[in-house]
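# only geometry, no sequence info:
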Ligand SMILES: [Mg+2]
């Protein structure tokens, strides 16, 4: 079996910055602070890391209790923000997930910087939560590089199969996704559907990089170790 571990924002979906707007509202409501978030600041980071950085930057307490209380308020705003924003599943993702879900030799889970409930709210909004019975989340660690082993352990428990990093493909849109795969010796697939160009992603030497997943042929060839692989 092969294990595919998917990043969320910029890889499966674009939330139209719903997450950022929920966080901006949470900071205003809880602390009376007006904040701005640059698009690249959040990309590839975990919520627990970024929320802590945000509190610190504004001179606020940033211990675990403060971070968790900010997360709770963020999560309360997220379901309202998603329908207001021009979000979407990214090109090719829906048919690809559906196709992969029908294969007995493929396991799919999440490896994301979202906290689990945030991931669930976002992916249920786009009706793709159903494809991911397990995952690793910002609840597991504020360091993305530590998430891989959690995801592989949960995949192995769920499928009663001992997945190894060599069987695993970590798919994401930022250099942080590539790095967190490399630190455990997993295969890494970069997609330039988020905040980074394909040239920038390629400079971090993933196993393969794709402009998008509109044509799944090369992606599926890579997973199946086809000798015809010619990554774009
Ligand atoms: Mg991402």
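Cool, got the structure. These numbers come from a predicted model, not from an experiment.
# The chain against the ion: which residues are in contact?
Listed as neighbours of the ion in the chain under the rule CB under 5 Å from the ion: 7, 9, 10, 173. Using the backbone N, CA and C atoms, a C-beta is placed for each residue, glycine as well.
# Tell me the one of the residues you listed nearest residue 147?
Nearest to residue 147 among the residues of the chain next to the ion, counting by CB to CB, is residue 7 at 10.2 Å.
# returning to what we had before: tell me the one of the residues of the chain next to the ion nearest residue 156?
Checking the residues of the chain next to the ion against residue 156 with CB to CB, the nearest one is residue 7 at 20.1 Å.
# re the thing from before, switch the residues of the chain next to the ion over to CSV; also include pLDDT.
Formatted as CSV, the entries for the residues of the chain next to the ion read as follows, by pLDDT from 0 to 100:
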residue, pLDDT
7, 98
9, 96
10, 96
173, 97
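# Out of those, which sit inside helices?
Under the assignment DSSP state H, the residues of the chain next to the ion contribute nothing to helices.
# filter those residues to the buried ones?
Listed as buried from the residues of the chain next to the ion are 7, 9, 10, 173; burial here means 16 or more other CB atoms under 10 Å.
# Pretty sure residue 150 sits against residue 141.
Yes: in this structure, residue 150 sits in contact with residue 141. The criterion is CB atoms under 8 Å, and the distance is 7.4 Å.
# and this structure, what are its domains?
In terms of domains, the chain is parsed into 2-15+88-223, 18-84 (source: automatic domain parsing).
# Check the spacing between residue 33 and residue 13 real quick.
The span separating residue 33 from residue 13 equals 28 Å under the rule CB to CB, to the nearest Å.
# Which residue of these two possesses the greater neighbour count?
Remark: of residue 33 and residue 13, residue 13 carries more neighbours, 21 against 16, as counted by other CB atoms under 10 Å.
# Which stretches in the protein count as strands?
With strands called from DSSP state E, the chain shows them at 2-6, 13-14, 88-89, 106-111, 135-136, 168-172, 187-191, 208-210.
# Put together TSV for the ones you listed, with distance to residue 128 on each row.
Formatted as TSV, those follow (distance: least, CB to CB, whole Å):
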stretch	distance to residue 128
strand 2-6	9
strand 13-14	7
strand 88-89	6
strand 106-111	10
strand 135-136	12
strand 168-172	14
strand 187-191	15
strand 208-210	19
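# Kindly reformat those as JSON lines and extend each row with mean pLDDT.
Formatted as JSON lines, the strands of the chain follow (pLDDT from 0 to 100):
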{"stretch": "strand 2-6", "mean pLDDT": "97"}
{"stretch": "strand 13-14", "mean pLDDT": "96"}
{"stretch": "strand 88-89", "mean pLDDT": "97"}
{"stretch": "strand 106-111", "mean pLDDT": "98"}
{"stretch": "strand 135-136", "mean pLDDT": "98"}
{"stretch": "strand 168-172", "mean pLDDT": "97"}
{"stretch": "strand 187-191", "mean pLDDT": "97"}
{"stretch": "strand 208-210", "mean pLDDT": "96"}
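# Once you drop chain neighbours, what's closest to whichever residue of the chain sits closest to the ion?
Distance from the ion to each residue of the chain (CB to the ion) is smallest for residue 10, at 3.8 Å. The shortest distance from residue 10 to any non-neighbouring residue, by CB to CB, 6 or more residues apart in numbering, is to residue 194 (2.1 Å).
# tell me the contacts of that neighbour?
Each residue near residue 194 by CB atoms under 8 Å, 6 or more residues apart in numbering is listed here: 9, 10, 11, 14, 43, 172, 173, 174.
# just residue 52 next, same as before
Residue 52 makes contacts with 62, 67, 142, as judged by CB under 8 Å, 6+ apart.
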